[in-house]
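Engineer: 3D, please:
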Amino acid sequence: MRMSLAQRVLLTWLFTLLFLIMLVLKLDEKAPWNWFLIFIPVWIFDTILLVMLIVKMAGRCKSGFDPRNGSQNIKKKAWYLIAMLLKLAFCLALCAKLQQFTTMKLTYVFIPLWALLIGGMVELGYNIFYVRRD
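Structural biologist: Predicted structure coming up:
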């Protein structure tokens, strides 16, 4: 089952809008919800993306698949998987800090986000300045 670009954009906007509405209600103290509940739309969206990514990566394990085709593709998908896990780690650490489950310094909470941003900058630089030699 494939989703069109318009469906993916609509789904992204829907989850973002739901998250922002819940966040505003929490920050205005209209809803006494747990911070983990506020982030449920983000985690549902991330779970959908992770499942789709894992299914695509598992498709490479089929018999008859030539591993020489698309070696760059598996590296890109591995980076996407690492990026999603770093984002998940940041969201969990942030919720734990906001809910006061832990007395962790805010600096430590942001380490996964910083690693994600640095990795994204390296990936961007690699894609911009990499010159393919034939």
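Engineer: contacts, neighbours, all on C-alpha from now
Structural biologist: Will do.
Engineer: which residue is nearest the middle of this protein?
Structural biologist: M84 (3.3 Å; CA atoms, centre = their mean).
Engineer: so what's that one up against?
Structural biologist: Neighbouring residues of M84 by CA atoms under 8 Å, 6 or more residues apart in numbering: D46, L50.
Engineer: which strand or helix spans it?
Structural biologist: Per DSSP states H and E: M84 is located in helix 71-98.
Engineer: give the buried residues for that helix.
Structural biologist: For helix 71-98, burial by neighbour count (16 or more other CA atoms under 10 Å) applies to 79-81, 83-97.
Engineer: returning to what we had before: how much space between the residue nearest to the centre of the chain and V109?
Structural biologist: Distance of M84 to V109, given as CA to CA, to the nearest Å: 16 Å.
Engineer: equivalent analysis for I21, please.
Structural biologist: On the measure of CA to CA, I21 and V109 end up 24 Å apart.
Engineer: now swap in Q100 and tell me
Structural biologist: Going from Q100 to V109 by CA to CA gives 12 Å.
Engineer: these two: which is more packed in?
Structural biologist: V109 (19 against 11; other CA atoms under 10 Å).
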